[in-house]
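S.K.: Whatever this is, show me its structure:
(2 chains)
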Number of protein chains: 2
Amino acid sequence: MSNNNSNFDFNVSIDLSGQRFKVVYSITGSEIEAHAKASAVCVEQTIEFPDELVPGGDIRNHILGKIESFTFLTPDRWEAAISYPIEISAFELTQLVNVMFGNFSLKPGVRVERLELPDSILKIFKGPRFGIQGLRELLGVPERPLFCTALKPLGLSAKILAELAYRFALGGVDMVKDDHGLTDQPFASFQERVQRCVEAIERANRETGNKCLYITNITAPAHQIPEKALFAKKNGAGGLMAAPGLIGLDTMRLLAEDDGIALPIISHPAFQGSFVINLENGVSHYTLFGQLPRLAGADGVIFPNYGGRFPFSRNDCRQVVRGATVPMQHIKPIFSMPGGGMSLERIPEMLQTYGKDVIFLIGGALHKIGPDLVENCRTFMKALQ
Amino acid sequence: MSNNNSNFDFNVSIDLSGQRFKVVYSITGSEIEAHAKASAVCVEQTIEFPDELVPGGDIRNHILGKIESFTFLTPDRWEAAISYPIEISAFELTQLVNVMFGNFSLKPGVRVERLELPDSILKIFKGPRFGIQGLRELLGVPERPLFCTALKPLGLSAKILAELAYRFALGGVDMVKDDHGLTDQPFASFQERVQRCVEAIERANRETGNKCLYITNITAPAHQIPEKALFAKKNGAGGLMAAPGLIGLDTMRLLAEDDGIALPIISHPAFQGSFVINLENGVSHYTLFGQLPRLAGADGVIFPNYGGRFPFSRNDCRQVVRGATVPMQHIKPIFSMPGGGMSLERIPEMLQTYGKDVIFLIGGALHKIGPDLVENCRTFMKALQ
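M.R.: Numbering: from 1, shown residues only, chains lettered A, B, ... in the order given. Model prediction:
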């Protein structure tokens, strides 16, 4: 390549390890169109620079993305594995996501299917502190599927939410979480809610002998997250829920890695849906709800169950489970937490889909099966055994 | 509504001001389908609870979203303005975005078109510190369109990036920004890059008498952002660029409101594209690139120009400008920064589209028009006068 359009020399030498990570994309179009898009990804996600100005040195040969494989899926869908030098990730989760799909999120026809990360990238992440095994140990439940419910509807006071929490815990629920819309509203402030709900659940635990955890929603303004997490920890909360779509994935990582907090982290999908709603742009269920929250240290990931009021298919849900549990060196496998569309009748089918390492998130359905909330919880719990 | 399915009393009294904010959505489907989706938004974005269990008290009457208007757009597209009580936003940007589109991002057929916020919500945000007027004062350029370029390609050392920055500034560019892929790579570390680029641009400014600003990319791991922002400030950077899709919108707000930093903030669209790629889900250009970054304190917002390598239309771009400048009480109007697809020939058309209150982001094109980068900058600058 000639460089004669510019008197600036871009033919530089860069100190690189030679190790690369891969992002596998599905691409829409004919073979020729899809291959052209794959080439565009190689440029757009790295140098973003006119081809004719990049000479034959290290930038062209190593910084630029490389198409490692290009394979047929359907006549108008292709899969391209593109590799990037590990150094351009700067060994940061934010920049890893940026290389994966930062600018290309703005273009049609390309979707991230999965990340293939070498040890040199994985080792920068601590991953989930608890994972499936650790969370089971905290709860004292070695084998059966777990059962989580949510404090709702929005509008109840902290006091009434705590009354609900008490009944759920008395009914044997493993985890009681804030509804994701509960943050720090004047009618149910964060601090009062944490204190009252922890007290209520501890009281129920003394009666049942269980170890039900209260998971508080830590999705909050950026400057308040550390202090709220610490408040939750000091006041006995059993875990934290955060929506990476609202606070940033790396803020969740920071919470998960904080040894002063050391609580289970639950990821909520709010404001992430537009990435998975479209087959021809975005990020797969496998990566968005499986791989990425794991890298960011989530111990469980909430997503819409199939057959409920959301459009996720059974296969979409299974892809989440795969991403949440696929071997990734020291990064522990985590719980899938399908929510919505659950009923007593569907439990056998759900168990077949998810296996036993699952946390069923049962909200509204829990209120509907009978007049007594405590009994309703027990009925669901029996059906899960 | 009866409450006889549960012995729990959800008929509570809530202390609310009665003030509401509105989100205007476009909804796909027949009139009946679209109206049903609008009703679903009212529930999903607030109480997420079975209709039959919510009695006739304050939760049903005030917390639940309300369809304020429902109007025809096309036979299969409708517009619904839905109001929510200001209190459920908890007066937080994170929760405001969550109420706007948190769960519904996971469903097809509904797109956020615009926010209509009362003073009681707007007053919680400081908004941009500089805005159009303030940034013009910093640069000493009262009227003409502004000209920004980017340091690239990725792979260059801090020393070479600084050489580029010097030539750009010497050529009269108003702002030189990091390419958004430059974070803290081993071959061009953040600290060295900031120091060298600031020095280079100050040297050029002494020669030209201009006030060119170096905008450093602050998109970084969550725990490093405050210290990096402070380092940039102390070492003379002229502004900060952040990608809210990667670090979280509220983290940008925190940077913008920090009086110890007090630098212009530029918003970058990386990893936000999937929200605008699809007419039937997501967030409009007007809100995503106009209203939201303004609320979060950005002074300028980068987005793909029409007619370049991205699929944005001229109308999409004009919608960004509208959202960036529509009156919002004390929240200052901000600069649109269209990038990509620029050439000397297109400048008259661009000026017609954007007016003079625009920052043209010209990257690769600047390298292509001739062999001398300094002269190329001057040529572009002359064409902008």
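S.K.: so what's the residue nearest the centre of chain A up against?
M.R.: Centroid check for chain A by C-alpha atoms, centre = their mean gives A:P293 as the closest residue, at 3.3 Å. By C-beta atoms under 8 Å, 6 or more residues apart in numbering or on different chains, the residues touching A:P293 are A:P244, A:L249, A:M252, A:S267, A:V301, A:A324, A:I334. No exception for glycine: its C-beta is placed from N, CA and C like everyone else's.
S.K.: how many neighbours does the closest residue in space to A:I86 that isn't next to it in sequence have?
M.R.: Nearest non-adjacent residue to A:I86, counting by C-beta to C-beta, 6 or more residues apart in numbering or on different chains: A:Q19, 4.8 Å away. A:Q19 has 13 neighbours, counted by other C-beta atoms under 10 Å in any protein chain shown.
S.K.: ok, A:Q19 - contacts?
M.R.: A:P85, A:I86, A:P118, A:S120.
S.K.: Kindly indicate which of those residues lies nearest A:Q319.
M.R.: A:P118 (22.4 Å; C-beta to C-beta).
S.K.: surely the closest one meets A:I86?
M.R.: Yes - applying C-beta atoms under 8 Å as the test, A:P118 and A:I86 come out as touching, 6.8 Å apart.
S.K.: Between those two, which contacts overlap?
M.R.: A:Q19, A:R20, A:F21.
S.K.: could these go into a markdown table alongside secondary structure and pLDDT?
M.R.: A markdown table is the format used below for the shared contacts of A:P118 and A:I86 (DSSP: H, G, I helix; E, B strand; the rest coil; pLDDT from 0 to 100):
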| residue | secondary structure | pLDDT |
| --- | --- | --- |
| A:Q19 | coil | 98 |
| A:R20 | strand | 98 |
| A:F21 | strand | 98 |
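S.K.: A:P118 and A:I86: which is more packed in?
M.R.: Counted by other C-beta under 10 Å, A:P118 and A:I86 do not tie: A:I86 has more neighbours, with 22 against 15.
S.K.: Got the phi and psi for the more buried one?
M.R.: As for A:I86, its main-chain torsions (degrees, to the nearest 10) stand at phi -60, psi -30.
S.K.: The closest residue to A:L288 other than its chain neighbours and B:D372, how far apart?
M.R.: Leaving out its chain neighbours, the residue that sits closest to A:L288 by C-beta to C-beta, 6+ apart is A:F275, at 5.4 Å. Going from A:F275 to B:D372 by C-beta to C-beta, to the nearest Å gives 43 Å.
S.K.: These two: which is more packed in?
M.R.: The neighbour comparison of A:F275 against B:D372 (other C-beta under 10 Å) goes to A:F275, with 30 against 15.
S.K.: Could I get the contacting residues of A:S267?
M.R.: A:M241, A:A242, A:A243, A:P244, A:M252, A:F289, A:P293, A:A296, A:A298, A:G300, A:V301, A:I302.
S.K.: if we can go back for a sec, secondary structure for the contacts of A:Q19 - can I get that in CSV?
M.R.: Shown next, in CSV, are the contacts of A:Q19 (DSSP: H, G, I helix; E, B strand; the rest coil):
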residue, secondary structure
A:P85, strand
A:I86, helix
A:P118, coil
A:S120, helix
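S.K.: For B:V198, state which of these is nearest.
M.R.: Nearest to B:V198 among the contacts of A:Q19, with distances taken as C-beta to C-beta, is A:P85, at 27.4 Å.
S.K.: The closest one against A:G65, yeah?
M.R.: No - proximity of A:P85 to A:G65 does not meet the contact threshold set by C-beta under 8 Å, at 9.3 Å.
S.K.: what's the nearest residue to A:L170 if we skip its chain neighbours?
M.R.: Nearest to A:L170 is A:A204, by C-beta to C-beta, 6+ apart, at 4.5 Å.
S.K.: Residues touching the strand or helix carrying that neighbour, excluding its own?
M.R.: Take DSSP states H and E as the rule and A:A204 turns out to sit in helix A:190-208. Helix A:190-208 has contacts (C-beta under 8 Å, 6+ apart) with A:151, A:158-159, A:161-163, A:165-170, A:172, A:176, A:178, A:182-184, A:210-214, A:216, A:220, A:228, A:231-232, A:235-238.
S.K.: Just the ones in strands from those, please.
M.R.: Applying DSSP state E to the contacts of helix A:190-208, the entries found in strands are A:L151, A:V176, A:D178, A:L213, A:Y214, A:T216.
S.K.: Centre of the chain to the helix or strand bottoming out on mean pLDDT in chain A, how far?
M.R.: For chain A, scoring each helix and strand by mean pLDDT, DSSP states H and E identifies helix A:364-368 as the least confident one, at a mean of 88. The chain centre lies 26 Å from the centre of helix A:364-368; the measure is C-alpha atoms, centre = their mean, to the nearest Å.
S.K.: If you count neighbours, what's buried in that helix?
M.R.: The neighbour-count check on helix A:364-368 (16 or more other C-beta atoms under 10 Å in any protein chain shown) flags A:G364, A:A365, A:L366, A:H367 as buried.
S.K.: which strands and helices sit next to the helix or strand A:V374 falls within?
M.R.: Secondary structure assignment for A:V374, by DSSP H and E: helix A:373-384. Where contact means 3 or more C-beta pairs under 8 Å, 6 or more residues apart in numbering or on different chains; DSSP states H and E, helix A:373-384 is packed against strand A:146-151, helix A:158-170, helix A:347-354, helix A:364-368.
S.K.: Tell me, domain by domain, which residues of chain A belong where.
M.R.: Following automatic domain parsing, one gets these domains for chain A: A:20-122, A:131-384.
S.K.: what distance separates the first one from the centre of its chain?
M.R.: How far domain A:20-122 lies from its chain's middle: 22 Å, per C-alpha atoms, centre = their mean.
S.K.: do stretch A:209-226 as well
M.R.: 16 Å.
S.K.: same deal with stretch A:372-381?
M.R.: 29 Å.
S.K.: From A:S30, how far out is A:T74?
M.R.: A:T74 is 11 Å from A:S30, by C-beta to C-beta.
S.K.: And those two? Which one has more around it.
M.R.: Neighbour count, other C-beta under 10 Å: between A:T74 and A:S30, A:S30 has more, with 11 against 8.
S.K.: got the contact list for the more buried one?
M.R.: Counting by C-beta under 8 Å, 6+ apart, A:S30 has contacts A:P75, A:D76.
S.K.: If we use 7 Å, what do you get?
M.R.: A:D76 (C-beta atoms under 7 Å, 6 or more residues apart in numbering or on different chains).
S.K.: same check, this time on A:Q319
M.R.: So A:Q319 contacts A:S284, A:H285, A:Y286 (C-beta under 7 Å, 6+ apart).
S.K.: could you redo the last one with a cut-off of 10 Å?
M.R.: A:Q319 makes contacts with A:E113, A:R114, A:V276, A:S284, A:H285, A:Y286, A:T287, A:L288, A:F289, A:G290, A:F312, A:S313, as judged by C-beta atoms under 10 Å, 6 or more residues apart in numbering or on different chains.
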